[in-house]
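K.L.:
Predicted structure and sequence below. I'll ask about it afterward.
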Amino acid sequence: MIKVYADTSVFGGVFDEEFSEPSKKFFEEVQSERFLLVTSAIVQAEIEAAPQKVCDFFQQYTGLFDIAEISQKVLELRKAYLDANIVTINSLDDAAHVAVASVSKCQMIVSWNFRHIVHFEKIPKYNAVNTIMGHDHIDIYSPLEVIQYDES
């Protein structure tokens, strides 16, 4: 099983016309145990502010994911991302998602956040900081890039 951190956008993506199908397929693969899902208190807090259908969907999966803690190591790594100017203070939670996933030793993050997380210029910077701070490299993808496709 692949240990993967899903941020809030993936849960909400189930109800977004543009992202619905790959998001649903991703969660099907979580249910089939292809992925070991990890999330965090940050996701939980963001979900609480989401529409009820997103909250209900999240609740369906509470037994299928681990909730990673927001430890001192997470806070230090998040600060290092900010200090490296990968994101600004306005994107503190986005940096925290990457930090939680990295500290929790997830193999990858899935997100629909193309501005602050899944971006070709930011991914190597997150990984450079991870290396400096003694954390492993982490792969960052959209759900579209990790789901399985039927072979035709």
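P.N.:
Received the coordinates, thanks.

K.L.:
Need the pLDDT of Tyr149.
P.N.:
With respect to pLDDT, Tyr149 scores 88.

K.L.:
go on, Val10?
P.N.:
pLDDT, read off for Val10, is 98.

K.L.:
List the contacts of it.
P.N.:
When contacts are counted by Cβ atoms under 8 Å, 6 or more residues apart in numbering, Val10 touches Ser23, Phe26, Val110, Ser111, Trp112, Pro143. For the C-beta atoms, the positions are set from N, CA and C on the backbone; glycine is no exception.

K.L.:
Neighbour-wise, give me the winner out of the residues you listed.
P.N.:
Of all these, Val110 has the most neighbours under the rule other Cβ atoms under 10 Å, reaching 29 neighbours.

K.L.:
got the contact list for that one?
P.N.:
Here Val110 is in contact with Val4, Tyr5, Ala6, Asp7, Val10, Phe26, Tyr141, Ser142, Pro143, Val146 (criterion: Cβ under 8 Å, 6+ apart).

K.L.:
Distance of the fourth one relative to Gln59?
P.N.:
Taken as Cβ to Cβ, to the nearest Å, the spacing of Asp7 relative to Gln59 amounts to 17 Å.
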